[in-house]
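Q: show me how the following folds:
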Amino acid sequence: MALTMVHLLVADRWAAGHGEYSQSPEFYYGAISPDAIHIRDGGDKSRKDEFHLRNWRSPHPEHVIDYWRRHFTPFDVGYGVHVLTDCQWVPRYTRRLPGLFKPEGGLNVERYYNDTFVTDFALYRKTPRLEQILKLIGTARTPADHPLLTANEFAQWRDVILKTYRGECPRHDPPTQVDEVYVLEFVKDSIAFIDEVFAGI
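A: Next up is the predicted model:
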């Protein structure tokens, strides 16, 4: 999965073309919120695809369109943008970054999380807009009637994110695969697909 700053960079770039969302605290709150499943399940990812509208590892945009046709607040739009980001993230690094994988084919989890955390924190510290977005998220109203996760789970996840990124990065080795150039190219390239899906509602 992409980490939080990737999601917020994509959400912000997409919102630049959809002005009603660009200053919406609830939109950006939604854009981090599918990962609130970790409040419920911790490190167990067995239900993550369900809470990512079947778009965690590969694109199934029809599920996002169906969700948006039934739930269309700014929070819900952000929620959909998050999962449409993840479904592009995994296939792209699988194709482009063979160095993330072990010789037998499995993901090198240590390398992956070192690179993604170090790069995410570096982008956060270099990009004042990301701190502005975290401040917006801190003021956002938590939805009380979401169909998948509870208000308490969303609120706890928000607290985790705000505390995490205002603290120290948990990894420290220089990235070898997922670096800032890679992330910024991904952000730029990801918008067209999100726009295409959004136009289908």
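
Q: now the strands for this protein?
A: With strands called from DSSP state E, the chain shows none.

Q: which helix runs longest in it?
A: In the chain, taking DSSP state H as the definition, the longest helix is helix 74-96.

Q: only alpha carbons, please: show that one as CSV.
A: C-alpha atoms of helix 74-96 as CSV (Å, rounded to 0.1, in the frame of the first residue of the first chain):
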residue,chain,number,x,y,z
PRO,A,74,-16.5,15.0,0.5
PHE,A,75,-15.3,12.4,3.0
ASP,A,76,-16.6,9.6,0.7
VAL,A,77,-15.0,11.2,-2.4
GLY,A,78,-11.7,11.2,-0.5
TYR,A,79,-12.2,7.6,0.6
GLY,A,80,-12.6,6.6,-3.0
VAL,A,81,-9.6,8.6,-4.1
HIS,A,82,-7.5,6.7,-1.5
VAL,A,83,-8.5,3.2,-2.8
LEU,A,84,-8.0,4.3,-6.4
THR,A,85,-4.5,5.4,-5.5
ASP,A,86,-3.7,2.1,-3.8
CYS,A,87,-4.9,0.0,-6.8
GLN,A,88,-2.4,1.8,-9.0
TRP,A,89,0.4,1.8,-6.5
VAL,A,90,0.9,-2.0,-6.2
PRO,A,91,0.8,-3.0,-9.9
ARG,A,92,3.2,-0.1,-10.7
TYR,A,93,5.9,-1.0,-8.2
THR,A,94,5.5,-4.7,-9.1
ARG,A,95,6.3,-3.8,-12.8
ARG,A,96,8.9,-1.1,-12.3
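
Q: give the buried residues for that helix.
A: Across helix 74-96, burial judged by 16 or more other C-beta atoms under 10 Å covers 74-90, 92-93. Where you see a C-beta, it was placed from the backbone N, CA and C, and this is true even at glycine.

Q: next one: stretch 21-29
A: 21, 24, 25, 26, 27, 28, 29.

Q: ok, the nearest residue to residue 131 once chain neighbours are set aside - contacts?
A: In space, and not counting its chain neighbours, residue 131 is closest to residue 124: 7.3 Å by C-beta to C-beta, 6 or more residues apart in numbering. Contact partners of residue 124, counting by C-beta atoms under 8 Å, 6 or more residues apart in numbering, are 5, 130, 131, 165.

Q: just among those residues, which is most surrounded?
A: When neighbours are counted by other C-beta atoms under 10 Å, residue 5 leads these with 26 neighbours.

Q: check contacts around it.
A: Residue 5 neighbours (C-beta under 8 Å, 6+ apart): 120, 121, 123, 124, 127, 130, 165.

Q: and of these, the nearest to residue 184?
A: residue 123 (8.1 Å; C-beta to C-beta).

Q: what about that closest one, neighbour count?
A: The burial count for residue 123: 19, using other C-beta under 10 Å.

Q: got the buried residues for stretch 160-167?
A: Neighbour-count burial for stretch 160-167 [16+ other C-beta under 10 Å]: 160, 161, 164, 165.

Q: the closest residue to the last one other than its chain neighbours and residue 60, how far apart?
A: Right, the one you point to is residue 165. Spatial nearest neighbour of residue 165, excluding adjacent residues (C-beta to C-beta, 6+ apart): residue 124 at 5.3 Å. Computed as C-beta to C-beta, to the nearest Å, the residue 124 to residue 60 distance reads 30 Å.
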